[in-house]
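Trainee: Requesting a structural model of the entry that follows:
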Amino acid sequence: MADGDEKVAETVQTSLDSFKAYQEKLRASFKSPENLKMLDQLGIVIADYQKSLNNMRSGYKASTAARDELTTHAVKSLAVFEQLVTEVKNMDPADANRFEQYRLVTDAKDDLRLARYEVRGYTTNATPET
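Mentor: Sure thing, here's the model as predicted:
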């Protein structure tokens, strides 16, 4: 469904609604039990399709919301790491722990960036390979 594009989803929904209305109109005009049975089966298929479409749309919306939330938290976390880097840089150059502190902070920051990259790859293309 065009990666969650709502305009495309609305177009699909409009088509499905039209198809359902046409099926109901046909059902009202037929009298043969065989035809009514087939039209009833078609109604079940349409309802199942509607359910799948609704689930797909909900899934895309939830995925987008989760990505937005992850981005917000990542940006906040990176800002904290920047503050830590600044604090470590402001430590006394003679402090024996300064280099180790700097290394720990930058390694953690790099790990966060890598995790963020991996999550973006997964949420963009959720396959077993990613």
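Trainee: so which strand or helix has residue 77?
Mentor: Using DSSP states H and E, residue 77 sits in helix 33-89.
Trainee: Give the rounded mean pLDDT of that helix.
Mentor: Mean pLDDT, helix 33-89: 93.
Trainee: same question, stretch 123-130
Mentor: For stretch 123-130, the mean per-residue pLDDT is 68.
Trainee: which helices and strands does the helix holding residue 77 pack with?
Mentor: On a contact count with 3 or more Cβ pairs under 8 Å, 6 or more residues apart in numbering; DSSP states H and E, helix 33-89 meets helix 6-29, helix 98-124. Placement of C-beta: from N, CA and C, glycine included.
Trainee: Tell me which residues touch residue 50, please.
Mentor: 16, 20 (Cβ atoms under 8 Å, 6 or more residues apart in numbering).
Trainee: Distance of it relative to residue 15?
Mentor: 11 Å (Cβ to Cβ, to the nearest Å).
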